[in-house]
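Enquirer: Need coordinates for the below:
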Amino acid sequence: MDQLVSFEALLFPSDGRNPHMVALMTSPMSVPDPHAPFSTLPARMPHPEVYMDYIAEGLGPRAWHYHLIEALDGMNKKFANPYVIFYPTVSRDGMPFPINKCLKEIQGRSFREAAAWRGNIIIAKYRESPFSSMINGSIADFPILRNYFMTHGAPQS
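Expert: Numbering: from 1, shown residues only. Okay, here's the model as predicted:
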């Protein structure tokens, strides 16, 4: 049986509750990691859809996308341990996901509905590649992520 491994990740719930830590499950992938083609570490598929409300069922990773945070604006060097943001893209009923109230509050005056983060957002931490070297995050990552979200809207698909 394939081994499931979990990593501590930060969940920003869309309903306005406070961000908190969750166990992000991963399972082995049969294809190589696209971000580390020469890595000897086995690639692992994260399952953030477990924490995404209203996401289409049965699509697995096709129902969400990811975005890498390798540095904050103004930084000269990349993070030693960057972040990967998982966000939902395909809802059960085809309607847009609700605007993430927690991130809307963080963005304050700079919030723009056209670039709003929608649905539950899960953020994991990694070393070299998001799909072969995930590591545990902690609530101590929150200030860095808050700084990122204050100035960045959701990626436009």
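
Enquirer: Just confirm residue 99 contacts residue 116, I think it does.
Expert: Yes - counting by CB atoms under 8 Å, residue 116 is a contact partner of residue 99 at 4.7 Å. For every residue, glycine as well, the C-beta is placed using N, CA and C.

Enquirer: Excluding chain neighbours, what is closest to residue 50?
Expert: With sequence-adjacent residues excluded and distances taken as CB to CB, 6 or more residues apart in numbering, residue 50 is closest to residue 25, at 6.5 Å.

Enquirer: count of residues packed around that neighbour?
Expert: Using other CB atoms under 10 Å, residue 25 has 17 other residues around it.

Enquirer: buried sites along the helix or strand where it lies?
Expert: Under the criterion of DSSP states H and E, residue 25 resides in strand 20-28. Across strand 20-28, burial judged by 16 or more other CB atoms under 10 Å covers 22, 24-26.

Enquirer: Would you mind checking which helix or strand in the protein has the lowest mean pLDDT?
Expert: Across the helices and strands of the chain, the lowest-confidence element by mean pLDDT, DSSP states H and E is strand 44-46, at a mean of 88.
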